[in-house]
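Q: Give me coordinates for this.
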Amino acid sequence: MPEQTIVPIEQLLPNKLFLIPLMGRPIFPGIFTPVMINNPDDVKVIEEAYSGDGFVGISMIRTESEQPTVSDLHEVGTVARIIKKINLPDGGVNIFISTLKRFHVRKIVSERLPMLAIIDYLEDEEDDTFEVKALTRALIGEMKEISENNPLFSEEMRLNMINIDHPGKIADFIASILNIEKADQQRILEIKNVRQRMEQVLVFIKKEQELLRVQKKIQTEINSRIEKNQRDYFLREELKAIKEELGITTDAKSSEYQKFKEKVEALKFEGEIKEAVDGELEKFALMDSNSGEYIVTRNYLETIVNLPWHEPAPEAYELASARSVLDGDHYGLDDVKKRIIEYLAVRKLKKDTKGSIILLVGPPGVGKTSVGRSIARAMNKPFFRFSVGGMRDEAEIKGHRRTYIGAMPGKIIQGLKIVKHKAPVFMIDEVDKMGQSYQGDPSSALLEVLDPEQNVSFRDHYLDLPFDLSNILFILTANTLDHIPGPLMDRAEVIQLSGYIDTEKLEIARKYLIPRSLERNGLGKSQVKYSADSLLFIANGYAREAGVRNFEKNLDKIHRKYATKIVFGESEAKEKFSPGKVEIEEMLGKPVFREDGEKKADRPGTAVGLAWTSMGGDTLIIEAITNPGKEGFSLTGQMGDVMKESASIAWSWVKHYLTESGAITNDWYEKQTIHLHIPEGATPKDGPSAGITMATALLSLARGKTIRKALAMTGELSLTGQVLPIGGLKEKTIAARRNGIKEIIIPKANVRDLDDIPEHVKKGVAFHPVTRMEDVIEIAFGKSKKDTRAASKN
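A: Got it, this is the predicted structure:
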């Protein structure tokens, strides 16, 4: 029998190895560990290696790839012997390997799976010095400290670390169990010099120790905080028990609970409301005062107990007193005051306060908000105002659901909580400027609030209880009716505030604006005196709008100038001022509005029309010219689609009229380009009411003849020459008065609207009702034989 010798396994390692790509961390030499293989190609390699010598090379992938090649692997890996193989049901295998030595890929035999390479084994470069021994002791000592403070290190790991006798293997073992990046572990694997490897591992140990210190500090702080909270809780409970024994008042939470309970009992709720509020009270009593839900419930109960749940006292106001309040607060507006008094009289006679909605419509600055305040004062009721202009979220009206700490009720419930009265006057401004978004439609939510059939049991999302809003007098304001939803307008009593003429502005300034402005700017009541001419100069030159807001701003500007002179010593403190036109122009600058003469039709191709906008009435001049060239008709002045159609109709009718009358032949049209323009091009314009004005301007151009002086007109023109009715006649008449117009052509169908215009506004203005365009021509130019014949043919 031949003699047997024991050979170290390192001498049996093959020079050619199958390579297994490793997706996770690298495996160091001297480690016994399980590895799961799922890739079918790698499973075949394992089967072949296991049936042979059992050796495979394990190398970490540089970058993840579905079909890795040898080039995708790190060049330095670990040779391992397969000790045991277990087949898995899914076709994979679980192998137990013992890693032996480092290797370096010298030559690639097979680039793709199964990957095969010729390798060189790497030997440790050892320095047998005291420094290596010192590093060994340092590594073992530092790792003992880490293992004692980290429960993840098992006792077996500690024993393995102590039993390893080779410095390089100690560094490899520690590197394999440290929680460091896999790229850092790969770099350690590639270090052949034992001393350098140990130094690198020691650096990572120090980092791990620092991380453990921070972790321990955080844990200590958290534990101490928890212990303090528990201690405080037990002490509070003890204090509560002691106070109960001594009969002393309990803590703040109990005091709040008692306060809410007393208020709820005083309100004497019934049915659904009582059940819901009692449930919230019970929940509130059991809550921890430090929880977020405690704050939500507390705010909810506070809202409930502060709302006016009891029925209001009967209304007590005298109509004579209400009339004197309205007269004292507002000059003019007789029609508006009359409508309000009639409304209050019906309300008083019926003794019914439910379903009361007033809609005040008019341009800015005409006194809509102040009229609302006066109504509240006349009825001896609290007043609450909020604006819905630009509002896009229905939660602003109906409240937010109580699903988060910042939830709050809608504006209606908030207002009732503030006024503490169940029948106040609520003013809702800018209802024509509400928007829509993905968060809902506020105008639809407002319908529920205003509808007397629904608001008797209005449910706010936050309150989630029925609340009667029918006793509230709602006053809505808007600049125009165009953008107000139809159902909303149907529920309201619409009252129009048209604006003021210059004489009305003069009286308003003397009675209200000047005294208020003098007081606001620190001047005496009679320290500044204005003549009628000065006030009219301000009204016509700087504040020619329907309201008086800009008028008051200009008065404030003048008074600030005087206040500044007094403070700087340029004038005596009690000096009287009487500004004239020159001084006013020095303080306010050149007049903003053009002279009246600049808006008059003083040449062929021009005519003056009347417009109605959300800012009130205004005058506009239509201009037309001809240019030699190809037949054409162009429009400028930022006209809307309706106005462009009106211009087209006007030009068609004028061409037909002139051709029929024989005044112009078809050759003239073919050689002329007509251009019609409305000045102030930056301002959008639309509507059909300028139809007869544009036709008059085009006819004036074709004839080369100017129209009558101080004449304005308004009316829609049909293609057959009929003059159709328009809206806003009162506002247009006021604008005509402001601009010195003496005669106005109106559709005959609008004669009924003249009764709604106050006599002092109509005074000095002649109205010419017309039914056809030929009537307009007769008034504007005077009758001619040719025109008369054309009229008879039509």
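Q: partners of Phe386 in the sheet?
A: Under the criterion DSSP bridges, Phe386 forms beta bridges with Ile428.
Q: Next, the contact list for it, please.
A: The neighbours of Phe386, taking CB atoms under 8 Å, 6 or more residues apart in numbering as the test, are 411, 415, 427-429. To be clear about C-beta, it is placed using only N, CA and C from the backbone, and glycine gets the same treatment.
Q: 7 Å instead?
A: Applying CB atoms under 7 Å, 6 or more residues apart in numbering to Phe386 gives the contacts 411, 415, 428.
Q: same check, this time on Asp172
A: The contact partners of Asp172, taken as CB under 7 Å, 6+ apart, are 28-30.
Q: From Arg187, how far out is it?
A: 13 Å (CB to CB, to the nearest Å).
Q: Also Val43?
A: Here the distance between Val43 and Arg187 works out to 30 Å (CB to CB).
Q: Tell me the secondary structure at the residue nearest to Gly406 when sequence neighbours are not counted.
A: Nearest non-adjacent residue to Gly406, counting by CB to CB, 6 or more residues apart in numbering: His400, 7.7 Å away. Going by DSSP: H, G, I helix; E, B strand; the rest coil, the secondary structure assigned to His400 is coil.
Q: Just the endpoints, please. Distance across stretch 28-39?
A: The separation between the terminal residues of stretch 28-39, taken as CA to CA, to the nearest Å, is 22 Å.
Q: Show residues contacting that stretch.
A: Contacts of stretch 28-39 with the rest of the structure, by CB under 7 Å, 6+ apart, involve 27, 43, 46, 78, 92-102, 169, 172-173, 175-176, 189.
Q: same thing but at 8 Å, please
A: Residues outside stretch 28-39 that contact it (CB under 8 Å, 6+ apart) are 20, 27, 43, 46, 58, 78, 83, 88, 90-102, 113, 164, 169, 172-173, 175-176, 185, 188-189.
Q: Among those residues, name the ones in strands.
A: Counted as lying in strands by DSSP state E, out of the contacts of stretch 28-39, are 20, 58, 78, 83, 93-102.
Q: Make CSV from those and add pLDDT, neighbour count and distance to Glu227 to it.
A: Conversion of the ones in strands among the contacts of stretch 28-39 to CSV gives the following (pLDDT from 0 to 100; neighbours: other CB atoms under 10 Å; distance: CB to CB, whole Å):
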residue, pLDDT, neighbour count, distance to Glu227
Ile20, 88, 24, 52
Ile58, 91, 20, 49
Thr78, 93, 24, 48
Ile83, 90, 13, 50
Val93, 91, 18, 51
Asn94, 90, 14, 46
Ile95, 91, 23, 49
Phe96, 91, 15, 46
Ile97, 90, 25, 48
Ser98, 89, 15, 49
Thr99, 90, 21, 47
Leu100, 89, 19, 52
Lys101, 90, 17, 53
Arg102, 91, 23, 51
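Q: Out of those residues, flag the one nearest to Gly605.
A: Out of the ones in strands among the contacts of stretch 28-39, the one with the shortest distance to Gly605 is Ile20. That distance is 95.6 Å, counting by CB to CB.
Q: beta partners for the closest one?
A: Ile20 forms beta bridges with Ile58, as assigned by DSSP bridges.
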